[in-house]
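J.: sequence unknown, structure follows:
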């Protein structure tokens with residue numbers, strides 16, 4: 001394959017220096033004559049509570065987009081003036097203008113400092129292969145939807161393409177820290193990605209949109225706002241969406257259909273009732289990655305093929321996924337009290353199919369014929385039911401807050417060996433078993449996860465400029481398994497285990513002025529073991545020898561925000577014990593104990609308004625993650641990240657050129673025996689224009705174009721796993737230059 005004309009494998013230090021220099025180019029002058037009154041935190045709306053006031057944080061995140069005239073409304077990411085830990089708020093303007101119509105929350109988070117993502121098939125066209133925050137991998141941090149923690153119960157990971165679409169998202173916030181006691185979830189120590197959905201607008205309107213892009217990609221949809229349609233002010237918003245794409249990787253197409261609805265019902269002057277629900281249907285053909293030999297022979301975008309005699313035949317490697325999520329939320333504030341409650345449920349139903357070894361190292365052959373194609377069929381389905389209750393009361397010189405999160409998830413997991421040629425079970429696992437189903441079963445499992453987290457915290461307003469938040473959270477975490485065929489062992493198992501932890505935290509926030517604030521944080525973190533702890537003949541023996549993951553987090557940071565400049569920076573140190581890592585072998589996730597890890601680093605981000613609609617944005621991070629056992633560099637942790645962007649936003653026009661750089665990473669924890677993935681950069685361009693077409697019932701039309709990876713950098717950017725037979729490394733590459741053209745309208 002011809003090499004790109006311009007690559008960025010060695011530009012890391014220069015770009016990082018340029019990004020930090022741009023952030024620091026303008027001096028900051030605090031206005032000490034205008035102190036800010038610290039606003040006590042409330043029980044909130046169920047959104048992320050790692051800031052003192054979620055409502056204020058959303059306002060600072062520029063959720064309501066107007067003709068942008070300030071740095072706060074332009075900034076791709078920015079810190080919060082009320083934060084007590086490092087936080088990057090990504091508002092609606094960036095989501096609509098810079099994220100591909102097929103994209104999801106991981107594409108938004110990717111611009112943030114210390115974040116490293118890999119989307120091998122193009123934005124949203126396959127689950128993100130890597131979403132790393134400071135080196136913490138998916139499953140080691142939380143993701144919330146409208147304040148609801150969600151995850152797969154077996155390992156706390158998330159399916160990025162299976163829930164809200166970009167059009168249904170109003171803002172994404174990347175919190176790089178454990179938050180306060182009121183921050184709920186099973187993996188708070190690694191941070192929280194908060195995804196908030198769109199809200200109904202005050203006026204009736206219909207916003208149809210249509211997009212065409214590379215790889216035969218098409219997106220069609222419409223957002224419908226009812227406006228207030230009752231005397232009490234009831235309003236609703238609905239999004240209907242369909243997308244189709246062949247994907248960047250060969251024979252890796254996807255079709256996705258989604259519907260989302262939210263109804264907001266005021267109940268008097270102080271109480272609001274919210275109903276929200278979504279459903280998502282996804283069909284996609286999914287490769288596991290390619291070896292270097294396959295990349296050399298078939299090209300950097302090799303994924304699957306069109307040969308029915310091959311285990312890499314695309315029809316043998318398919319996902320069929322249906323998901324849904326819904327909640328009822330009640331928020332009320334009166335006489336110094338604030339009550340917030342969300343009752344919710346979400347479900348994930350996944351039928352998966354794959355060749356035994358799609359990368360060609362395992363020869364064909366089944367129980368029925370030496371030439372038949374062996375494969376696997378799996379099902380993973382789970383259903384969570386839960387409730388989040390929060391109560392706050394003004395008390396003394398501050399506010400006391402308490403609450404409880406309860407979540408119960410049931411999970412069904414099975415995997416069978418299959419003859420893909422004849423489309424029937426392949427009895428090669430346990431020959432002679434009493435049934436064909438048992439003879440072909442790699443696993444048949446039912447497991448349950450119950451999490452109970454009560455918390456208590458107090459915000460003490462020390463002065464008009466300072467407050468302290470201290471609290472404690474109790475984590476009660478129980479796993480149960482009932483497996484006729486347990487994963488790994490193939491034998492029956494019925495077992496349960498409960499883990500508990502008490503997690504204190506303390507945070508201090510100080511406002512030097514209305515434009516300049518600072519914070520300090522200390523907190524304990526905890527993550528109970530994954531389900532893989534039970535994949536042994538006798539968990540009663542092994543679980544006592546595996547300690548849960550624990551952390552101690554320290555962070556210091558500061559934020560400046562005025563009309564022309566947003567600037568934030570922080571330093572952090574995290575001691576992580578009993579670190580559990582994972583890798584993929586033949587498409588199957590396996591876990592291993594990597595000992596402890598010491599994390600530390602520095603992060604900066606800022607936007608400066610140059611004038612006449614022009615602004616410059618930059619962020620940068622220096623990250624270090626060292627294994628305590630042998631001082632080896634931690635796997636999948638970039639040494640540094642950086643971004644540099646130039647933005648023009650003036651009235652109906654928006655143009656941006658943004659580059660994101662990811663520093664060197666190692667495949668495994670042992671840098672001496674491992675070849676690193678060199679640093680690389682991807683540069684994206686976007687432009688849009690909104691105009692009045694002078695057509696009846698059409699307020700305006702908007703046309704936009706996105707050109708992604710404009711320098712066509714297609715280098716390897718991640719280890720995908722290893723083959724099942726010989727453990728040959730497999731890789732993903734950066735998707736080649738691609739485009740999206742979108743047109744939308746505001747009707748009525």
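T.: Nice, I can see it. What you see is a predicted model, and the numbers here were worked out from it, not measured in a lab. Residues are numbered from 1 along each chain as shown.
J.: Identify the bridge partners of residue 447.
T.: residue 411, residue 481 (DSSP bridges).
J.: residues in contact with stretch 493-501?
T.: Residues from elsewhere that reach stretch 493-501, judged by CB atoms under 8 Å, 6 or more residues apart in numbering: 474-483, 486, 524, 526, 528-529, 533-534, 537, 539-540, 543, 548, 550. Quick note: C-beta positions are derived from backbone N, CA and C, even for glycine.
J.: Buried among these? Make that a ChimeraX selection.
T.: Here is the ChimeraX command that picks out the buried ones among those, judged by 16 or more other CB atoms under 10 Å:
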select :475,477,478,479,480,481,483,486,524,526,528,529,533,534,539,543,548,550
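J.: buried residues in the longest strand anywhere in the chain?
T.: Secondary structure of the chain read by DSSP state E shows that its longest strand is strand 588-611. Residues of strand 588-611 classed as buried: 588, 591, 594-597, 599-609 (neighbour count, 16+ other CB under 10 Å).
J.: and it, which strands flank it?
T.: strand 565-585 (antiparallel), strand 614-627 (antiparallel).
J.: coming back round to it: just to be sure, which of the contacts of stretch 493-501 are found in helices?
T.: Of the contacts of stretch 493-501, the ones assigned to helices by DSSP state H are 539-540.
J.: Under a three-state scheme, what state does the residue sitting furthest away from the middle of the chain occupy?
T.: In the chain, the greatest distance from the average C-alpha position (CA atoms, centre = their mean) is reached by residue 432, at 44.7 Å. Under the three-state scheme (DSSP: H, G, I helix; E, B strand; the rest coil), residue 432 adopts coil.
J.: For it, give me its contacts.
T.: Residue 432 touches residue 439, counting by CB under 8 Å, 6+ apart.
J.: now swap in residue 643 and tell me
T.: Counting by CB under 8 Å, 6+ apart, residue 643 makes contact with 19, 76, 111, 113, 617-620, 658-661.
J.: can you redo the residues you listed as JSON lines with pLDDT?
T.: Output for those, formatted as JSON lines (pLDDT from 0 to 100):
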{"residue": "19", "pLDDT": "35"}
{"residue": "76", "pLDDT": "96"}
{"residue": "111", "pLDDT": "97"}
{"residue": "113", "pLDDT": "97"}
{"residue": "617", "pLDDT": "98"}
{"residue": "618", "pLDDT": "98"}
{"residue": "619", "pLDDT": "97"}
{"residue": "620", "pLDDT": "97"}
{"residue": "658", "pLDDT": "98"}
{"residue": "659", "pLDDT": "97"}
{"residue": "660", "pLDDT": "97"}
{"residue": "661", "pLDDT": "97"}
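J.: Check whether residue 400 really touches residue 393, as I assumed.
T.: Yes: shown here, residue 400 and residue 393 form a contact pair, counting by CB atoms under 8 Å, at 5.6 Å.
J.: And those two? Which one has more around it.
T.: Between residue 400 and residue 393, counted using other CB atoms under 10 Å, the more crowded position is residue 400 (17 against 14).
J.: excluding its backbone neighbours, what's nearest the more buried one?
T.: Using CB to CB, 6 or more residues apart in numbering and skipping residues adjacent in sequence, the residue nearest residue 400 is residue 458, 5.0 Å away.
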